[in-house]
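# for reference, the sequence and a predicted model appear below.
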Amino acid sequence: MEQSETLFDVGTDVGRSLPPVYPHRAAHGTAGTLRQWQQEALDLYIQRRPKDFLAVATPGAGKTTFALRVAKLLVESGEVNRIYVVAPTEHLKRQWADAAGRVGLALDPNFKNSDGRHGRQYIGVVVTYSQVANKPALHRNKTEAGRTLVIFDEIHHAGDALSWGDGVREAFDPAVRRLALTGTPFRSDTSPIPFVDYVEDGDGVRRSKADYAYTYGPALKDRVVRPVVFMAYSGNMRWRTSTGEEMEAQLGAAATKDITNHAWRTALNPEGEWIPSVLRAAHQRLLKVRDKIDDAGGLVIATDHETARAYAAQLDALTGQKTTVVLSDDKGASNQIEAFSEDPSKLWMVAVRMVSEGVDVPRLCVGVYATSTSTPLFFAQAVGRFVRLRKKAEVASVFLPSVPVLTTLANEMEQERDHALEVPRTAAEDSEEGLDDELLDAANREERGSDQLERGEFAALHSNASFDKVLFDGAEFGLGGAMGSEEELDFLGIPGLLEPEQVSTLLRQHQADQLRRKPTTATAPAEPVVDHRQLKTLRATLNKSVSAYAAKTGMHQGSIHTKLRDACGGPAVGQATQAQLEERLKKIQMWFVGRK
């Protein structure tokens, strides 16, 4: 169809005729047709002629391509002659500039507030939300000086701090057009995000309203993103509390928030056995994937700098090659990410913050979620690093601790979340929010300075790992098993190239096979009833012996109990069986006479 149309009627000075209508149907980026969702969103944009437009699209779906196609159309029509892109991180500034250059739009990612103006060779700049908040008046002046389109990458960051939201509003209120993008769930709070519409629903809560939404579920069905298989690992954890009490729990078992959080922290401790075991399993999975996808890479997302380095050292020993470590305060972080992305021989990267959102490393196929950050926002950002589709039918695998907050998020990946304002929260809901989310920001400011006090209050003593289950498409598979068991290997060995339907079929098949293999056991004879009086006597005797040994050696009683458990095994005294208590009594009696 050959005709022309005016894209926007905004006055005789800027309303121009486009080239043959709907050129966006022919190409985007450097070549190729738009994906269906991008086409639908672009058609809607042209139809509505909006000043503000919010597009919500799952990570890996192609938000950048959509936004730059809108920008290209607006420039070609004369509607805008200046472009601003506001991104969350320094690395993303370069990524946006590179993508814009491929469609013929020159953006300056190196612009500093002190520069005042960008070079004439550029049509605009890429800045961070922090840059805007530092000098909103400067960016307002630049916005007013031209017919400006502003693209907000991951617009929810404008709500991260009051100063950021105020800065964005002040700087870009005069913009001719504003295009907001997000690929992650919004949070619930009381601060509205600038330039986002809110609508009150039946429960009296105001929620953000997207102009176009394309979530993970539809994207998976459309073959736009990869299927993600979650491998959840449990295990036995033991730690010492701030009061000196030794505790023990199964990771992921029903427990209070404090016990769950302490078990989780114990699992992530690099000096325990849980992390090394899970890293070995993840590496085994990566090698299996590389049988079919020879450049597949892996990413470990850590909570802080210290543990990131420790995890990397374990991977170095496991793989025989130097692991790429990306720290948020490293000036060369962007170069390290790019080098890893472009070198197919590199197996693993460990990162704290830099690869949590928006950073494009398409060859990532295997991930380890080794962080205590548990908000829906961060989880979606992290998983988003693995869903970008390249080759047909690639499967992503993410390994994570088997704790309820994470397994729930994994099962709810397809749900859409809008930003809700002033949502009433109960104390129970607050208690389920997650663990140590503040540690992520602290890790960006300093090594572990604020954590030194915590070390004196909490000590991880022992951890081990066991395979728990697989989560995919809202369903759970697997009967659990030891590390290296046939039950675990069934799932670690699934091919790296499968369509979503094939993934579901294969997981159900493995589940059925494991049920058939599970032996049918006869009813075990009833165990004798525990004599609680005898147990009480044994505990008292053991405690007296420990007290006497402490007086003799000068050791702390808690340390003696730990030493006994290391030597004899078993849980804390309060949970130990009669046989375990008797074994510890024999052991400490041997210590009294100088025998080990």
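Looks like it arrived, so ask away.
# mind listing what's buried in stretch 240-251?
For stretch 240-251, a neighbour-count test (16 or more other CB atoms under 10 Å) marks 240, 246-251 as buried. In short, each C-beta sits where N, CA and C put it, glycine included.
# quick one: low-confidence ranges for the stretch 151-300 of the chain?
Residues of the stretch 151-300 of the chain that meet the criterion pLDDT under 70 lie in 160-162, 184-190, 201-204.
# what comes up buried for the lengthiest helix in the chain?
Using DSSP state H to define each element, the chain has its longest helix at helix 532-553. Going by neighbour count (16+ other CB under 10 Å), the buried part of helix 532-553 is 535, 538, 542, 545-546, 549-550.
# do stretch 134-150 as well
135-136, 138-140, 142-143, 146-150.
# tell me the one of those nearest Gly480?
Nearest to Gly480 among the buried residues of stretch 134-150, counting by CB to CB, is Val150 at 50.6 Å.
# list the contacts of that closest one.
83-86, 143, 172, 175, 177-179 (CB atoms under 8 Å, 6 or more residues apart in numbering).
# still on that earlier bit, using CSV, lay out the buried residues of stretch 134-150 together with secondary structure and distance to Gly474.
Formatted as CSV, these follow (DSSP: H, G, I helix; E, B strand; the rest coil; distance: CB to CB, whole Å):
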residue, secondary structure, distance to Gly474
Lys135, coil, 46
Pro136, helix, 43
Leu138, helix, 48
His139, helix, 43
Arg140, helix, 46
Lys142, helix, 46
Thr143, helix, 44
Gly146, coil, 48
Arg147, coil, 46
Thr148, strand, 43
Leu149, strand, 39
Val150, strand, 37
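# what is the strand or helix carrying Ala313 packed up against?
Assigned by DSSP states H and E, Ala313 belongs to helix 305-319. Helix 305-319 sits against helix 274-290, strand 297-302, strand 324-326, strand 348-351, with contacts defined as 3 or more CB pairs under 8 Å, 6 or more residues apart in numbering; DSSP states H and E.
# ok, which of the ones you listed comes nearest Val573?
Minimum separation from Val573 across those (CB to CB) falls at helix 274-290, 23.6 Å.
# now that closest one against strand 297-302, angle please.
Interaxial angle of helix 274-290 relative to strand 297-302 (axes from the mean of the first three to the mean of the last three CA atoms, to 10 degrees): 160 degrees.
# how big is the angle separating helix 274-290 from helix 305-319?
50 degrees.
# for helix 274-290, packing partners?
Looks like helix 274-290 contacts strand 228-234, helix 257-268, strand 297-302, helix 305-319, strand 364-370, strand 396-401, helix 486-492 (3+ CB pairs under 8 Å, 6+ apart).
# mind running it again at 7 Å?
helix 305-319, strand 364-370, strand 396-401, helix 486-492 (3 or more CB pairs under 7 Å, 6 or more residues apart in numbering; DSSP states H and E).
# check the secondary structure at the closest residue in space to Arg390 that isn't next to it in sequence for me.
Spatial nearest neighbour of Arg390, excluding adjacent residues (CB to CB, 6 or more residues apart in numbering): Pro362 at 5.1 Å. When classified by DSSP: H, G, I helix; E, B strand; the rest coil, Pro362 comes out as coil.
# for Pro362, phi and psi?
phi -60, psi -20 (degrees, to the nearest 10).
# if I look at it, how far off is Pro376?
Remark: distance between Pro362 and Pro376 (CB to CB, to the nearest Å) = 24 Å.
# what do you get for Arg595?
Arg595 is 56 Å from Pro376, by CB to CB.
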